[in-house]
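**Q** Could you work out the structure for the sequence below:
(chains A, B, C and D)
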2 protein chains.
Amino acid sequence: MKATDLKPRSNTQRAIDEMRELIFTGRLPAGSDHLESELAAQLGMSRTPVREAALTLEAQGLLEMRPRKGVRILPVSVEDMREIYDVLTELESLAAELAAKRNYSDPELAALAQSIEDMDRAIESENLEIWAEADERFHKELVRLGGNSRVETIVAMMSDQVRRARSITLYMRPVPIKSNVDHRGVLDAIRKGDAAQARRIHHEHRQSAKAVIIDLLERHRLHRV
Amino acid sequence: MKATDLKPRSNTQRAIDEMRELIFTGRLPAGSDHLESELAAQLGMSRTPVREAALTLEAQGLLEMRPRKGVRILPVSVEDMREIYDVLTELESLAAELAAKRNYSDPELAALAQSIEDMDRAIESENLEIWAEADERFHKELVRLGGNSRVETIVAMMSDQVRRARSITLYMRPVPIKSNVDHRGVLDAIRKGDAAQARRIHHEHRQSAKAVIIDLLERHRLHRV
DNA sequence: GCATAAATTTACGTATGCATTAAATGATGC
DNA sequence: GCATCATTTAATGCATACGTAAATTTATGC
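**A** Sure thing, here's the model as predicted:
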């Protein structure tokens, strides 16, 4: 197979990927409506793959298909944030607990440790984008180490739903210095195999993150993001 | 509007409903493959709504679309059961905790109490079908009382995934007498507003249900259901 | 006989066409 | 003017058509 032979992603898959990107960047703004035919034209394909993509994204909670009103990009309210963070709290804490029970070796925990170091360095160099990327990596890796594929899927879905809110508030947040204390605490607990502590620390970590972001949204009157 | 004017569910919705039913009853057996065109013929419609239904059910973890191999009804392994019950444990326990914090009045808890009574009566009259229905009602109502719509959705999805396994093992299980002690404990804790206890009791309840059903599946060599 | 290649079949991915019906617009009566 | 009904418009839900590529079958060479 020549290097030029890139296997062609299906149009449906392209539609999914591109619509996700458009949603996360706000080029399809929260609360906006879009006709299937408009989206199809914009993506350079027919309505069929666009409908299939929309169905998929609807199941993932990113949009809603309303007959004759078009595809609606779902806004996220403060109440939604509470719901989502509560789910994230429970399932990530479960993942932390399960990870601690698995007796991982240090090499297996390297990626997790790396993300923590990256966050430290990002804070030193005051680069919040990099910090956010590493933070996301930490949470994703933690969940992966938990070894429950359904938890992984659900957490990814919920994370997608709060993605816009997180990037909007990124520069409003106090510099997340304390955050890495928690992260290290979780990592240490996993290293020691202390499932209860891993769970507890992460639980508190997520609940306080929830409080911070909800407070921000309310103070800045961002009722729907 | 005349009584005969029943609004016509869309073919896509019909396909979703009917395929779900076929999956739960085993008429589309776990692990079996089905061409889109066959399903379309069987449901008396074209491939288009069948594909849309399949996409939706795929997102809900009931089947998998594999190009040229047809739609595959996903079997559930023992490991899958572990994953699913762990998610159910966490999220239902969260719901119990949240419900306890909401200070519901007795009338608002009537449906939950009713389901418990129904289980008692079902056990007296040794009708496991009715018991299972009431048990399902209890869990669904508990989650509803938790007031987190995402938890509701996810729990419903996970419950669907273990539905076959539950109905297969229903008559293998020891008569679930102890079960209602837990249910009452959860209800009492919610009445008292004792969130921690509601959570703890329900958590143990679900984990022990997980142990029972996994033990059954293993002893009966039901590796994939 | 067996491996390989050519030919055929067929299931899917996607475009397209169209009937249906909700929404929008305009007409009518008061 | 305003409410009600008729008319028009247009977005969707779905059927259908078809090119493509994977899978299968058949043919071919050794």
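
**Q** Might you report the residue contacts of the residue nearest the centre of chain A?
**A** Centroid-nearest residue in chain A, with CA atoms, centre = their mean: A:Ser159, separated by 2.6 Å. Neighbour list for A:Ser159: A:Leu88, A:Glu136, A:His139 [criterion: CB atoms under 8 Å, 6 or more residues apart in numbering or on different chains]. Where you see a C-beta, it was placed from the backbone N, CA and C, and this is true even at glycine.

**Q** taking those one by one, which sit in helices?
**A** Those of the contacts of A:Ser159 mapping onto helices are A:Leu88, A:Glu136, A:His139, per DSSP state H.

**Q** out of the contacts of A:Ser159, which are buried?
**A** Neighbour-count burial (16 or more other CB atoms under 10 Å in any protein chain shown) applied to the contacts of A:Ser159 gives A:Leu88, A:His139.

**Q** Closest one to B:Asn103 out of the contacts of A:Ser159, please.
**A** A:Leu88 (25.4 Å; CB to CB).

**Q** count of residues packed around the nearest residue to that closest one once chain neighbours are set aside?
**A** Nearest non-adjacent residue to A:Leu88, counting by CB to CB, 6 or more residues apart in numbering or on different chains: A:Met158, 5.3 Å away. For A:Met158, the count of nearby residues is 22 (other CB atoms under 10 Å in any protein chain shown).

**Q** Quick one: residues contacting A:Met158.
**A** Contacts of A:Met158 (CB under 8 Å, 6+ apart): A:Ile84, A:Val87, A:Leu88, A:Leu91, B:Arg150.

**Q** Quick one: neighbours of the second one, just the number.
**A** By other CB under 10 Å, 24 other residues sit near A:Val87.

**Q** same check, this time on the fourth one
**A** For A:Leu91, the neighbour count with other CB under 10 Å is 26.

**Q** The longest helix seen in chain A and chain B, any residue contact?
**A** The single longest helix within chain A, with elements called by DSSP H, is helix A:195-219. No - using CB under 8 Å from any CB of the partner chain, helix A:195-219 stays clear of chain B, with a minimum separation of 10.3 Å.

**Q** quick check, distance from that helix to the centre of its chain.
**A** Remark: helix A:195-219 is offset 15 Å from the chain centroid, using CA atoms, centre = their mean, to the nearest Å.

**Q** residues in contact with that helix?
**A** Contacts for helix A:195-219 (CB under 8 Å, 6+ apart): A:78, A:81-82, A:85-86, A:88-89, A:92-94, A:96-101, A:142, A:165-166, A:169, A:172-174, A:179, A:182-183, A:185-186, A:189-190, A:222-223, A:225.

**Q** Please repeat the previous calculation with a cut-off of 7 Å.
**A** Here helix A:195-219 makes contact (CB atoms under 7 Å, 6 or more residues apart in numbering or on different chains) with A:78, A:81-82, A:85, A:88-89, A:92-93, A:96-97, A:99-101, A:165, A:169, A:172-173, A:182, A:185-186, A:189-190, A:225.

**Q** Out of those residues, which sit inside helices?
**A** Going by DSSP H, the helices hold A:78, A:81-82, A:85, A:88-89, A:92-93, A:96-97, A:99-100, A:165, A:169, A:182, A:185-186, A:189-190 from the contacts of helix A:195-219.

**Q** Can you flag the buried ones in those residues?
**A** A:78, A:81-82, A:85, A:88-89, A:92-93, A:96-97, A:99-100, A:165, A:169, A:182, A:185-186, A:189-190.

**Q** hang on, the earlier thing: closest one to DNA strand D out of the contacts of A:Ser159, please.
**A** Lowest distance from DNA strand D to these (CB to the nearest atom of the strand) belongs to A:Leu88, with 31.7 Å.

**Q** Quickly list the domain ranges of chain A.
**A** A:11-73, A:78-219 (automatic domain parsing).

**Q** Now whatever residue of chain A ends up closest to chain B: closest residue in space, sequence neighbours ignored.
**A** Proximity of chain A to chain B (CB to the nearest CB) peaks at A:Ala59, 3.4 Å away. The shortest distance from A:Ala59 to any non-neighbouring residue, by CB to CB, 6+ apart, is to B:Ala59 (3.4 Å).

**Q** hang on, the earlier thing: is it possible to get TSV of the contacts of A:Met158 that adds pLDDT and distance to A:Asp118?
**A** As requested, the contacts of A:Met158 are exported to TSV (pLDDT from 0 to 100; distance: CB to CB, whole Å):
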residue	pLDDT	distance to A:Asp118
A:Ile84	98	25
A:Val87	98	26
A:Leu88	98	21
A:Leu91	98	24
B:Arg150	98	30
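
**Q** Sticking with A:Leu55, tell me its helix or strand.
**A** helix A:47-59 (DSSP states H and E).

**Q** Only the buried residues of that helix, if you could.
**A** The neighbour-count check on helix A:47-59 (16+ other CB under 10 Å) flags A:Pro49, A:Val50, A:Arg51, A:Glu52, A:Ala53, A:Ala54, A:Leu55, A:Thr56, A:Leu57, A:Glu58, A:Ala59 as buried.
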